[in-house]
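Asker: Build me a model:
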Amino acid sequence: HAAAFADAGHVWDTRFRVRDTRAAIGFEASLDLVAGYVLPLTVTSGVAWTRDGTTNRSPAARYYVRFGRAF
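Answerer: A predicted model of the protein is given here:
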């Protein structure tokens, strides 16, 4: 399986300012495996490029691995 995603949000403040919005875009790939002939397992790996509007840093890549489904 493969997926592309985009996310944006603004939280923990009483005033909305576009420049403080945090955002990410990325993609992930998943494999459905069977361990020991009986245990179904999903392994997912991906990368997201994040933008934190509260700092002046340039977008950073974040890598992740997950075992099992997200929901």
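
Asker: so where is the protein shaky, pLDDT-wise?
Answerer: Regions of the chain meeting the criterion pLDDT under 70 cover residues 53-57, 71.

Asker: Recalculate using a threshold of 90.
Answerer: Filtered on pLDDT under 90, the chain yields the residue ranges 1, 8-23, 35-36, 50-62, 68-71.

Asker: so what's the residue nearest the centre of it bridging to?
Answerer: For the chain, the residue sitting closest to the mean C-alpha position, by CA atoms, centre = their mean, is Ala48 at 5.5 Å. Taking DSSP bridges as the rule, Ala48 bridges to Gly26, Arg62.

Asker: Next one: it from Ala23, what distance?
Answerer: Plainly put, Ala48 is 10 Å away from Ala23 if you go by CB to CB, to the nearest Å. Just so you know, the C-beta spots here come from the backbone N, C-alpha and C atoms, and that holds for glycine as well.

Asker: you'd agree Asp13 is up against Thr21?
Answerer: No - taking contact to mean CB atoms under 8 Å, the distance of 10.6 Å between Asp13 and Thr21 leaves them out of contact.

Asker: When these two are compared, which one has more neighbours?
Answerer: Ranked by neighbour count (other CB atoms under 10 Å), Asp13 and Thr21 place Thr21 first, with 15 against 9.

Asker: And that one, how far from Gly9?
Answerer: When distance is defined by CB to CB, Thr21 is 7 Å away from Gly9.

Asker: and if you look at Leu31?
Answerer: 29 Å.

Asker: Can you show me the CA trace of the helix or strand encompassing Glu28 as PDB?
Answerer: Here Glu28 is covered by strand 22-35, with elements defined by DSSP states H and E. What follows is strand 22-35, C-alpha atoms only, in PDB (Å, rounded to 0.1, in the frame of the first residue of the first chain):
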ATOM      1  CA  ARG A  22       2.200  24.200  11.300                       C
ATOM      2  CA  ALA A  23       2.100  22.000   8.200                       C
ATOM      3  CA  ALA A  24       3.400  18.800   6.800                       C
ATOM      4  CA  ILE A  25       3.400  16.900   3.500                       C
ATOM      5  CA  GLY A  26       4.700  13.400   2.900                       C
ATOM      6  CA  PHE A  27       4.200   9.900   1.700                       C
ATOM      7  CA  GLU A  28       4.300   6.400   3.200                       C
ATOM      8  CA  ALA A  29       4.400   2.800   2.100                       C
ATOM      9  CA  SER A  30       3.000  -0.300   3.900                       C
ATOM     10  CA  LEU A  31       3.500  -4.000   3.700                       C
ATOM     11  CA  ASP A  32       1.100  -6.700   4.900                       C
ATOM     12  CA  LEU A  33       3.100  -9.600   6.200                       C
ATOM     13  CA  VAL A  34       2.500 -12.900   7.900                       C
ATOM     14  CA  ALA A  35       5.000 -13.900  10.600                       C
END
